[in-house]
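J.: Got a predicted structure here, sequence first:
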Amino acid sequence: MKRKYTVLLADDDKVQTMMLSSQLRARGYSVAAAFDATYAFMVAMKSPPDAVVLDIMMPGGTGRAVLERLKGSSKTIQIPVVVLSSIADPKVVGEVMALGAAEYLHKPVDVEALDAALRRALGLPAEPAATEPSTPPTPPGPPRAG
Amino acid sequence: MRPTENPASPPLDLHAFLRTLRGDAALAAAMAALFLSEYPRQLDAVRQAVAAGDAQALEQTAHLLRGSVGNFVATEATAAAARLEAFGRSGDLSQAAAGVRTLETALERLTPALREITV
């Protein structure tokens, strides 16, 4: 049996969310989506995901505020947050990383780069799938003759 | 001639777009259909922000549209939205109305190309 990691995509860009949801599901993740900051925080509190992918500019409050609240709650402080934004301002990047983001990726993002960032954030090996065995692998049997 | 009026320039780089989707044509069609249903409201929000002289709203609404249209590797429309976002960020909206017209033209060129993807 393998564990499926849950990812909350918090982004008001529905088109990109559709793309990344589909691509991350194909890589073995379970994906939930939130299109505004308030709802994203509510979902994270109600059903804490394994990781959050967070946009910075969203309606209903900023992604930065969501990050602060996630890192300020004992229920969600351990959830790694990968920030995904088209804002390239080094000051913003520095502020977000100081708030506890695991990674900062620039839009548009390739799913492989996002998958790699999620794996690093979740402490998973780099390849090949977004799942890991929940039990130790079965040792190989004795060599067969012939 | 403005860049968006150049008929030789395709409104989107379909090959690059499909490459980002690993050739998933069904996903491309779904994304295009979603964008076609969403962008008129986003564009209207941009127009309203300019009409109201609300720089912060312009930055936010143009930012969303830029990100959304950017998914399709639609260089002209993305650049037009980015320009409006920059106007909003700077607070100088003196060129914003012209910027909206440029964006509208780019989106008018992009729309039929996206409709073809959805078929």
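T.: Received the coordinates, thanks.
J.: Am I right that A:Val82 is in a helix?
T.: No. According to DSSP: H, G, I helix; E, B strand; the rest coil, A:Val82 belongs to no helix; its state is strand.
J.: Tell me how many other residues surround it.
T.: Using other Cβ atoms under 10 Å in any protein chain shown, A:Val82 has 22 other residues around it. Yep, even glycine has a C-beta here, placed from its N, CA and C like the rest.
J.: Would you mind measuring from A:Ala26 to chain B?
T.: As judged by Cβ to the nearest Cβ, to the nearest Å, A:Ala26 and chain B stand 8 Å apart.
J.: Tell me if I'm right that B:Ala30 and A:Ser21 touch.
T.: No. Contact criterion Cβ atoms under 8 Å: B:Ala30 and A:Ser21 do not qualify, at 10.6 Å.
J.: For residue 13, which non-adjacent residue is spatially closest?
T.: Using chain A. B:Gly67 (4.5 Å; Cβ to Cβ, 6 or more residues apart in numbering or on different chains).
J.: hm, I was asking about chain B
T.: B:Val73 (4.2 Å).
J.: Can you classify the one you found by secondary structure?
T.: Strictly by three-state DSSP, B:Val73 counts as coil.
J.: State the pLDDT value of it.
T.: Looking at B:Val73, its pLDDT reads 94.
J.: Please apply the same query to B:Ala8.
T.: At B:Ala8, pLDDT is 62.
J.: picking up where we left off before, what residues are up against the residue nearest to B:Asp13?
T.: B:Leu12, B:Asp13, B:Leu14, B:Ala16, B:Phe17, B:Thr20 (Cβ atoms under 8 Å, 6 or more residues apart in numbering or on different chains).
J.: Is the residue nearest to A:Asp13 in contact with A:Lys14, as I believe?
T.: No. In this structure, B:Gly67 is not within contact of A:Lys14 by Cβ under 8 Å, at 10.3 Å.
J.: Between these two, tell me which one has more neighbours.
T.: Set side by side, B:Gly67 and A:Lys14 show more neighbours around B:Gly67, with 25 against 18, by other Cβ under 10 Å.
J.: where's the more buried one, which helix or strand?
T.: Take DSSP states H and E as the rule and B:Gly67 turns out to sit in helix B:55-70.
J.: ok, how many other residues are close to the residue lying closest to A:Ala101 once chain neighbours are set aside?
T.: Leaving aside its chain neighbours, A:Ala101 sits nearest to A:Val83 (4.6 Å; criterion: Cβ to Cβ, 6+ apart). The tally of other residues near A:Val83 (other Cβ under 10 Å) stands at 26.
J.: How far does the host helix or strand of B:Ala45 sit from its chain's centre?
T.: Following DSSP H and E, the helix or strand that holds B:Ala45 is helix B:25-52. Here helix B:25-52 is found 8 Å from its chain centre; the criterion is Cα atoms, centre = their mean, to the nearest Å.
J.: Does that helix reach chain A?
T.: Yes. Looking at helix B:25-52 against chain A by Cβ under 8 Å from any Cβ of the partner chain, the contacts come from B:Leu27, B:Ala30, B:Met31, B:Leu34, B:Phe35, B:Glu38.
J.: Verify the contact between the fifth one and B:Gly70 for me.
T.: Translated: B:Phe35. No. Using Cβ under 8 Å, B:Phe35 makes no contact with B:Gly70, being 10.7 Å away.
J.: If you rank the contacts of B:Val73 by neighbours, which is first?
T.: B:Leu12 (22 neighbours).
J.: That one in helix, strand or coil?
T.: Here B:Leu12 takes the coil state, with states given by three-state DSSP.
J.: Flag every residue of chain A that's near chain B.
T.: Counting by Cβ under 8 Å from any Cβ, chain A comes close to chain B at A:12-16, A:18-19, A:22-23, A:57, A:59, A:86, A:107-108, A:110-111.
J.: okay, now B:Pro40: neighbour count?
T.: 11.
J.: how much space between the residue nearest to A:Lys4 when sequence neighbours are not counted and A:Thr6?
T.: Using Cβ to Cβ, 6+ apart and skipping the chain neighbours, the partner closest in space to A:Lys4 is A:Ser30 (4.9 Å). In this view, A:Ser30 and A:Thr6 are 4 Å apart by Cβ to Cβ, to the nearest Å.
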